[in-house]
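# Using only what follows, build the 3D model:
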Amino acid sequence: MKSNIAIVNSKSFGLYSNALETLKELGTIERIEVPRDLRGSKLAEALRDYDVIIASVTPYYDEDFFRYNSRVRMIARHGIGIDNVDVDAATRFGVVVTRVPGHVEREAVAEHAVALILAALRNLINAHLKVVEGRWGERGKFVCHELRSLKVGLIGIGNIGSRVAEILTKGFNAKVIAYDPYVSAERARELGVELVDLDTLISESDIISIHAPLTKETYHLINEDRLRRMKRSAIIVNTARGGLIDTDALVKALRDGWIAGAALDVTDPEPLPPDHPLYKLPNVIITPHIAAFTYEGLKGMDEAVVKAIKDFLTGNIPDGIVNREVYERGLRR
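This next block holds a predicted model:
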């Protein structure tokens, strides 16, 4: 018996691969758009006819969703992050949750992080605007330091952060320090990175780039206190999750000169409302959560999701599973 598969709030899935054709062999496919803030029983009702959900970054699949949707058997995240899925609740209700293995997005996200670092450091957006406005003669305002003379702090040197470290140390000869409680000093040395505590990274870095998952422990990791302790010349870059930074505190820091600038591919909330103060600040660059948006990256993500679904539907433990205990404890629906 074929399964009903819903692609929820994802416009990119299947556009750069043959994923849809492959999935049609496994079940009936439908693209569904639901409000980003839909939750609980209402979300469960909207998706009541589907066995497998291919999930984007929204909406949030909370405990009540799993309680009131007795049909769904699998949530397959079209991405690395699982912060919009209550994995504990999914496990209790016997629903398998998978995500794209980190190596699939590694190169794309790392490249985007470095691009944002350079764009912010060289003030490229404002330089372009000056040219467009016919103010070429003001180019003297855009003198800056080279990366090799600066200290870059990476919060997280796992899958993506480690690639950023490689690019910065080998490609730009930058001094890189990092905070990551899950990485050994030996691994850091292999990357040419010095491990430090978070307080040291915050106070010593000229550029801070975030590559950590969003969890209860890391929510608002960059808060008002830590922003106040950064260098006034510091730039912060975030390609991970918006909730890692306290947005209100960031606005204060940028507006009052606690730090020099920010370059963000993710925000909290996402997207920001049209009148948000971050849009009005000249020392901010914001891109619309596109770090993984390369042809290679999106194709790889599609293929990883399809493989996970195929494995699941044929009785195998899928790659990228985040709650293996569903199988180990015999909880699977």
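# Who does Ile245 form a beta bridge with?
Ile222 (DSSP bridges).
# Quick check: it touching Asp268?
Yes: the criterion here is C-beta atoms under 8 Å, and Ile245 meets it with Asp268 at 6.9 Å. Every residue, glycine included, has its C-beta placed from N, CA and C.
# Between these two, which has more neighbouring residues?
More neighbours surround Ile245 than the other of Ile245 and Asp268, with 26 against 19 (other C-beta atoms under 10 Å).
# can you pull the contacts of the residue positioned nearest the centre of the chain?
Centroid check for the chain by C-alpha atoms, centre = their mean gives Ala240 as the closest residue, at 3.5 Å. Residues in contact with Ala240 (C-beta atoms under 8 Å, 6 or more residues apart in numbering) are Gly156, Ile210, His211, Ala212, Pro213, Leu214, Val266.
# List the residues that contact the third one.
Spelled out, that is His211. Shown in contact with His211 (C-beta under 8 Å, 6+ apart): Ala113, Leu154, Ile155, Gly156, Ile157, Gly158, Ile160, Gly161, Val164, Thr239, Ala240.
# excluding its backbone neighbours, what's nearest the residue nearest to the centre of the chain?
Of all residues not flanking Ala240 in the chain, Ile210 sits nearest, at 4.8 Å (C-beta to C-beta, 6 or more residues apart in numbering).
# What about the one you found, how many residues nearby?
So Ile210, with other C-beta under 10 Å, has 23 neighbours.
# Now it: phi and psi?
With angles defined as degrees, to the nearest 10, Ile210 sits at phi -100, psi 130.
# And the pLDDT for it?
Per-residue pLDDT puts Ile210 at 98.
# Helices of the stretch 101-250 of the chain, start to end?
Under the criterion DSSP state H, counting those that start in this stretch, helices of the stretch 101-250 of the chain are mapped to 106-121, 124-132, 159-166, 172, 185-190, 198-204, 224-228, 247-256.
# deepest of these, which one?
helix 159-166 (a mean of 24; mean count of other C-beta atoms under 10 Å).
# And for that one, what's in contact with it?
Residues contacting helix 159-166 (C-beta under 8 Å, 6+ apart): 102-103, 105-107, 109-110, 113-114, 154-155, 157, 176, 178, 180, 191-193, 209, 211-212, 239.
# Which ones among the residues you listed map onto strands?
Leu154, Ile155, Val176, Ala178, Ser209 (DSSP state E).
# tell me the two of those residues that are most distant?
Maximum pairwise distance among the ones in strands among the contacts of helix 159-166 (C-beta to C-beta): 11.8 Å, between Ile155 and Val176.
# between those two, who's got more neighbours?
Higher neighbour count among Ile155 and Val176: Val176, with 27 against 24, using other C-beta under 10 Å.
# if I pick the more buried one, what's in contact with it?
Lys151, Val152, Gly153, Leu154, Ala165, Leu168, Thr169, Leu191, Gly192, Val193, Glu194.
# in stretch 43-61, what counts as buried?
If you call a residue buried by 16 or more other C-beta atoms under 10 Å, then stretch 43-61 has these buried ones: 43-44, 46-47, 50-61.
# Closest to Asp199 out of those?
Distances from Asp199 to these, taken as C-beta to C-beta, are shortest for Val57 (30.7 Å).
# okay, now the domains of the protein?
3-102+295-328, 106-286 (automatic domain parsing).
# Next one: Asn4 from Asp246, what distance?
For Asn4, the distance to Asp246 (C-beta to C-beta, to the nearest Å) stands at 40 Å.
# Comparing the two, which residue is more hemmed in?
Taking neighbours as other C-beta under 10 Å, Asn4 and Asp246 compare with Asp246 leading, 20 against 16.
# Can you report how many residues lie near the nearest residue to Tyr219 once chain neighbours are set aside?
The shortest distance from Tyr219 to any non-neighbouring residue, by C-beta to C-beta, 6+ apart, is to Gly243 (5.3 Å). Other residues lying near Gly243 total 20 when counted by other C-beta under 10 Å.
# Make residue 1 into 645 and carry on from there
Done: numbering now begins at 645, and the last item shifts to Gly887.
# Now for Asn713: which residues touch it?
Contact analysis of Asn713 by C-beta under 8 Å, 6+ apart lists Leu687, Ala688, Glu689, Leu691, Arg692.
# which ones are touching the third one?
By C-beta under 8 Å, 6+ apart, the contact set of Glu689 is Tyr712, Asn713.
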